[in-house]
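1. Quick one: sequence plus predicted model below, questions after.
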Amino acid sequence: MAREQNLYSASYLRNFVFGVEDSLVSTVGLLSGVSIAGVGARAILITGIILVFVEAFSMAVGSFLSEHSAEGYLRQTEAPFAFPITSGGIMFVSYFFSGFIPLFPYIFLTPGNALWYSIGLSLAALFVLGIIGAKLSKTNIWKGSLRMASIGGIAIAVGVAIGRVAGAF
């Protein structure tokens, strides 16, 4: 029973970290790319809101289906829905709320100024996520936080670069 509880806890942590990280990186990457491409503030906000809602639901469904499949595989029988529903719920909530971190500056600032606040807030949130993950897994806090912010930062840079290229057309 303790082993099964550890598997559930690890899965819940995995879904939380994946949801927050993917939401921050996907949302700030898209918003940065669209902003750099010269799209207006209203279009950026609408794009961001749609992205957060659609992706939070999509990620939750993906989490539910993959966790249900994995549990069925481990049990070698039809798995109950309670665990996969909880995992999907964690994914939805973590993705949904995290997506508004990079979107928030675009509500109050011009796209050019909001871009840098959005990136900065997202990198700071990734750093904090790395600290949380490291504390929960009892690993090195600095390594975890720097790894999370660095890898997330690379993904953000891809969105910025693509926005620059797309904006040139």
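-> Nice, thanks for sending it over. Numbers count the residues shown, from 1 in each chain.

2. wait, what's in contact with the closest residue to residue 113 other than its chain neighbours?
-> Using CB to CB, 6 or more residues apart in numbering and skipping residues adjacent in sequence, the residue nearest residue 113 is residue 105, 7.5 Å away. Using the backbone N, CA and C atoms, a C-beta is placed for each residue, glycine as well. Residue 105 sits next to 113, 114, 115, 117, 118, 121 when contact means CB atoms under 8 Å, 6 or more residues apart in numbering.

3. Buried ones among those?
-> Among the contacts of residue 105, the ones that count as buried by 16 or more other CB atoms under 10 Å are 114, 115, 118, 121.

4. I figured the second one was touching residue 36, is that so?
-> Yes - counting by CB atoms under 8 Å, residue 115 touches residue 36, with 7.0 Å between them.

5. residues contacting residue 85?
-> Applying CB under 8 Å, 6+ apart, the residues contacting residue 85 are residue 64.

6. And it, how far from residue 136?
-> Between residue 85 and residue 136 the computed distance is 22 Å (CB to CB, to the nearest Å).

7. repeat for residue 47
-> 33 Å.

8. Quick check on those two: which one has the bigger neighbour count.
-> Neighbour tally, residue 47 and residue 136, criterion other CB atoms under 10 Å: the higher count belongs to residue 47, 18 against 14.

9. Could you list every helix and strand in contact with the helix or strand the more buried one falls within?
-> Per DSSP states H and E, residue 47 falls inside helix 41-75. Helix 41-75 is packed against helix 2-36, helix 82-103, helix 105-108, helix 111-137, with contacts defined by 3 or more CB pairs under 8 Å, 6 or more residues apart in numbering; DSSP states H and E.

10. Can I get the third one in PDB, CA atoms only?
-> It refers to helix 105-108. Included here for helix 105-108 are C-alpha records, laid out as PDB according to Å, rounded to 0.1, in the frame of the first residue of the first chain:
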ATOM      1  CA  PRO A 105       1.500  42.100 -17.800                       C
ATOM      2  CA  TYR A 106      -0.300  42.400 -21.100                       C
ATOM      3  CA  ILE A 107      -3.400  43.500 -19.200                       C
ATOM      4  CA  PHE A 108      -1.800  46.700 -17.900                       C
END
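
11. How far off centre is it?
-> Averaging C-alpha positions (CA atoms, centre = their mean, to the nearest Å) puts helix 105-108 19 Å from its chain's average.

12. what does stretch 100-116 give?
-> 17 Å.

13. buried stuff in it?
-> 101, 102, 103, 105, 106, 111, 114, 115.

14. do the same with stretch 87-103
-> Buried, per 16+ other CB under 10 Å, within stretch 87-103: 87-88, 90-96, 98-99, 101-103.

15. Thank you kindly, that will do.
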